[in-house]
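Undergrad: coordinates for the following, if possible.
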Amino acid sequence: MSPDRHSRTMLPIPDRPAHGLTTYDAKDPDTSFPAIEPLLPPEGAPNVLVVLLDDVGFGASSAFGGPCQAPNAERLAAGGLRYNRFHTTALCAPTRQALLTGRNHHSVGMGSITETATSAPGNNSLRPNTKAPLATTLKLNGYSTAQFGKCHEVPVWQSSPMGPFDAWPSGGGGFETFYGFIGGENNQWEPALYDGTTPIEPPATAEEGYHLTEDLADHAISWVRQQKALMPDKPFFAYFAPGATHAPHHVPKEWADKYTGQFDDGWDVQRERTFARQKELGVIPADAELTARHEEITAWDDMPDELKPVLARQMEVYAGFLEHTDHHVGRLVDAIEDLGILDDTIIYYIIGDNGASAEGTMNGAFNEMANFNGMAALETPEFMVSKMDSFGSQESYNHYSVGWAWAMNTPLQWTKQVASHWGGTRNGTIVHWPNGITEKGGLRSQFTHVIDLAPTILEAAGLPEPAMVNGVLQSPMEGTSMLYSFNEAESPERHDLQYFEMFGNRGIYHRGWSAVTKHKTPWIMVGGVLPDFDDDLWELYDGTSDFSQAHDLAAEDPEMLAKLQRLWLIEATKYNVIPLDDRTGERLNPELAGRPTLIRGNSQMFFAGMGRLSESSVVSIKNKSFSVTAEVEVPEAGANGVIIAQGGRFGGWAVYAKDGKAKFVYNVLGIHEFATESDTPIPAGTHQVRMEFGYDGGGLAKGGDVTLYYDGTAVGTGRVEATQPMVFSADETTDIGQETGTTVSPDYTAQTSRFTGKIHWVQVDVGTDDHDHYIDPEERLRIAMARQ
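TA: Here you go, the predicted model:
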């Protein structure tokens, strides 16, 4: 192996001009210059594929004893290693930023998700430029880099089509190619996609067989093939992060039907079955114990009998969703194998970015946004039964019951968001690298963490951590390379100290021991009384003999507990965890949270063609009176189509024209639709169409009166009995002149939503105004600017 000629601690690698004879005439026989060579990493650097699934618990996949078949995970495990003590942060965006940087999540500003960012350094969702992403380091060392799937690391005020794009994968994230979505979740049938930073529509419809996971796999496969066809000597770093299996649990019906009847006995029985299977596989120690069900989780036998078939179907759908996802991961692995490069590719298959999600209430959800708005009571048992056959389909935005999340975390306590306990943070992980791992089908039980991936890849590639990137001095990575464990099964663990924290749930691991305290229950999103942090009860576990945290030793060893509590505080201070912040609703409000907002004031202008605007990119009309005024040009044949729409099938509102008449629809969670239609068509020519909504007041989620106007004259009245107080959608957007994704109203489709006239402008005003139901065109811009 020839020595590496590059100095790689400073990135980009500084150009070093060659010295020697410079001739006057290029035809001189002594004219000679060094050959131009492409930048490559050190000889022997492997290809890298990182697969990160979403919201999968330790006990979900068959590779770790679960009921959801994952034959491709099993295949990779048989040819590589299973890690049964690999840990995440308990929530998606924090885990992803930690993985991509090799630093703790609070160190890179991602103490929570981007939607609840504050101004505190550990929670502001801003990655410091002193902590460059792994992809940047690899790209600047000669790797080809690409990301496919979910990116939840973009600050919400930077998520509009205007950026800035520094935090986007193909902007400042180090990925030369990005195909996927921005945000925490997406509709698998009708996603809001980006190619790089350009919004695009899916290449097909659900009716034509489209599904996001398959689409992502198709693009990843095409990219890998092209990369090796054009640059066979250059290794790649591919990051495949599908939205699956985060809610909504969308999957073709035939995949869910494979599990018909398998979950009829409920979650308590499923825990016992999974536990037995885990023992049989050897993925948990022989002396591991099955932890008890907490009183906050209802026993299966105590659930209403009429709801049990629906609950069982929720789990059938989820199991099919996970198997479907594994199938498409397998297609990508097959493509790598077909190219003859599987042996020289490190594959990390991380089965979950946190524990299984308990954000769906005890009854589960047909539309998970109901719970996020504190309106889960709208989904009555009768409603759920009526929707049973639609779970997983285009008509649903579904989630499963808390009980299933608990079962999918067997044998551990708690779930996603609960960073204190292993049920929130322990994720089965597989590493496959035939050229670097001699043992096949091995098990590794050293404590490892998602921040260990980046230093592992650098060590495997023979690359140093950069001291400087783009002129900025870098802070050291905080993870520990796992490479030592690849071929040393009994080697002592090297990552022996790790803090955990999420929404006040916190813990510390140190040399086998863990001290933990659960502060907050994930599925209680609105209301509920939280204790003071100093009143939280701490538990103590000896992990050398208690894999699942089954025996609390706090009363028996208070000295060890006090030592670890003090250590947690030291680590929390070191990594920007302090101040603790357990707020939820308040943090959704940017003013209360202290983060920037893209739009200020009470008024916002829109123009035809604007679209793909996230909720954080538009003025909030929730729990307030508001008006929408649009100047439109109507042809003689009349107008049809959307003027402005926010949200979609599962919640939102729209002003549009149908059969020539102006119409306003407010859609509450896809359950209730309140429509107001004008008495007469919009006249031909240029006119103002206006909708005024007078909020009733008196709290959140109240209704209000609706009036429609043409040029200041009332032409229709109506009533909205309830509104969504917190969020319309995690993936649907605001569009002008048409509606992308799913549609607020069934009166039109995305394909037929384009406005048939011309839209000059649209203005949304929040609160009462002085326009007298009409905006003087000459005063329009002055008023809008004054209000911002």
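Undergrad: chain center to stretch 338-348: distance?
TA: 27 Å (C-alpha atoms, centre = their mean, to the nearest Å).
Undergrad: assign A63 to helix, strand or coil.
TA: For A63, the secondary-structure state derived from DSSP: H, G, I helix; E, B strand; the rest coil is helix.
Undergrad: hmm, it is touching N427, no?
TA: No - judged on C-beta atoms under 8 Å, A63 makes no contact with N427 at a distance of 11.4 Å. (Each C-beta comes from the backbone N, C-alpha and C, glycine too.)
Undergrad: what do these two both touch?
TA: Both A63 and N427 are in contact with I351, where contact means C-beta atoms under 8 Å, 6 or more residues apart in numbering.
Undergrad: out of the two, which sits in the busier spot?
TA: N427 (29 against 26; other C-beta atoms under 10 Å).
Undergrad: for the more buried one, report the pLDDT, please.
TA: Confidence at N427, expressed as pLDDT, is 98.
Undergrad: wait, it touches Y349, no?
TA: No - at 10.4 Å, N427 does not count as touching Y349 under the criterion of C-beta under 8 Å.
Undergrad: pick out the residue nearest the middle of this structure.
TA: G184 (2.8 Å; C-alpha atoms, centre = their mean).
Undergrad: for that one, helix, strand, or coil?
TA: coil.
Undergrad: who's in contact with it?
TA: Applying C-beta under 8 Å, 6+ apart, the residues contacting G184 are 92-93, 113-115, 150, 152, 246, 730.
Undergrad: and the gap between it and P121?
TA: Noted for G184: a distance of 22 Å to P121, by C-beta to C-beta, to the nearest Å.
Undergrad: likewise T521?
TA: 27 Å.
Undergrad: please say which of the two ends up with more neighbours.
TA: T521 (20 against 14).
Undergrad: the more buried one: which element?
TA: Assessed by DSSP states H and E, T521 sits outside every helix and strand.
Undergrad: tell me the phi and psi of it?
TA: Main-chain dihedrals, T521, degrees, to the nearest 10: phi -100, psi 130.
Undergrad: which SSE is the residue lying closest to it once chain neighbours are set aside in?
TA: Excluding its sequence neighbours, the residue lying closest to T521 (C-beta to C-beta, 6 or more residues apart in numbering) is E296, at 5.8 Å. For E296, there is no enclosing helix or strand under DSSP H and E.
Undergrad: is E296 in contact with K520, as I believe?
TA: No - look at E296 against K520 with C-beta under 8 Å: they stay out of range, at 11.2 Å.
Undergrad: the two: which is more packed in?
TA: A side-by-side neighbour count of E296 and K520, using other C-beta under 10 Å, places K520 first with 19 against 15.
Undergrad: show me what contacts that one?
TA: Contacts of K520 by C-beta under 8 Å, 6+ apart are 417-418, 503-505, 530, 582.
Undergrad: same check on T733?
TA: T733 neighbours (C-beta under 8 Å, 6+ apart): 192, 611-615, 646, 740-741.
Undergrad: look up how far S627 lies from it.
TA: 21 Å.
Undergrad: A467 now?
TA: For A467, the distance to S627 - C-beta to C-beta - is 56 Å.
Undergrad: tell me the mean pLDDT over the longest helix along the chain?
TA: In the chain, ranked by residue count with DSSP state H as the criterion, the top helix is helix 308-338. Mean per-residue pLDDT for helix 308-338: 98.
Undergrad: return the set of buried residues in it.
TA: Using 16 or more other C-beta atoms under 10 Å as the test for burial, helix 308-338 gives 308, 310-330, 332-333, 335-336.
Undergrad: same deal with stretch 370-378?
TA: Buried residues in stretch 370-378 (16+ other C-beta under 10 Å): 370-376, 378.
Undergrad: dump that stretch to PDB, keeping only the CA atoms.
TA: Provided in PDB are the C-alpha atoms of stretch 370-378 (Å, rounded to 0.1, in the frame of the first residue of the first chain):
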ATOM      1  CA  ALA A 370     -55.800  14.500  16.500                       C
ATOM      2  CA  ASN A 371     -53.600  13.800  19.500                       C
ATOM      3  CA  PHE A 372     -51.100  16.500  18.500                       C
ATOM      4  CA  ASN A 373     -54.000  18.900  18.700                       C
ATOM      5  CA  GLY A 374     -55.400  17.600  21.900                       C
ATOM      6  CA  MET A 375     -58.500  16.400  20.100                       C
ATOM      7  CA  ALA A 376     -58.000  12.600  20.300                       C
ATOM      8  CA  ALA A 377     -61.500  12.300  21.800                       C
ATOM      9  CA  LEU A 378     -63.000  13.000  18.300                       C
END
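Undergrad: what lies in contact with it?
TA: So stretch 370-378 is contacted by 359-361, 363, 365, 379, 399, 523, 525-527, 651, 668-669, 671-672, 700-701, 724-727 (C-beta under 8 Å, 6+ apart).
Undergrad: could I get the average pLDDT for that stretch?
TA: 93.
Undergrad: how far off centre is it?
TA: Per C-alpha atoms, centre = their mean, the centroid offset for stretch 370-378 relative to its chain is 21 Å.
Undergrad: next one: stretch 301-310
TA: On C-alpha atoms, centre = their mean, the centre of stretch 301-310 falls 31 Å from that of its chain.
Undergrad: what's the end-to-end length of that stretch?
TA: 14 Å (C-alpha to C-alpha, to the nearest Å).
Undergrad: swap in stretch 693-708?
TA: 9 Å.
Undergrad: buried residues in it, which are they?
TA: 693, 695, 703-704, 706-708.
Undergrad: the stretch 101-250 of the chain: helices as residue ranges?
TA: Using DSSP state H, counting those that start in this stretch, the helices of the stretch 101-250 of the chain run over 134-139, 212-230.
Undergrad: most tightly packed of these?
TA: When you average the neighbours per residue for each of the helices of the stretch 101-250 of the chain (mean count of other C-beta atoms under 10 Å), helix 134-139 leads with a mean of 24.
Undergrad: would you mind pulling up the elements that that helix packs against?
TA: The contact analysis (3 or more C-beta pairs under 8 Å, 6 or more residues apart in numbering; DSSP states H and E) places helix 134-139 against helix 92-101, strand 144-151, strand 236-241, helix 453-461.
Undergrad: next, report how far the third one is displaced from the centre of its chain.
TA: So the one you mean is strand 236-241. On C-alpha atoms, centre = their mean, the centre of strand 236-241 falls 16 Å from the chain's centre.
Undergrad: what of the last one?
TA: On the basis of C-alpha atoms, centre = their mean, helix 453-461 sits 24 Å off its chain's mean C-alpha point.
Undergrad: who's in contact with that helix?
TA: 41-42, 45-46, 48, 50, 99-102, 134, 137-138, 141, 143, 235, 237, 346, 348, 433, 436, 464-465, 477, 479-483.
Undergrad: tell me which residues of that helix come out buried.
TA: For helix 453-461, by 16+ other C-beta under 10 Å, it's 453-458, 460-461.
Undergrad: distance to R595 added to these, as TSV?
TA: Output for the buried residues of helix 453-461, formatted as TSV (distance: C-beta to C-beta, whole Å):
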residue	distance to R595
L453	28
A454	27
P455	31
T456	33
I457	32
L458	32
A460	37
A461	36
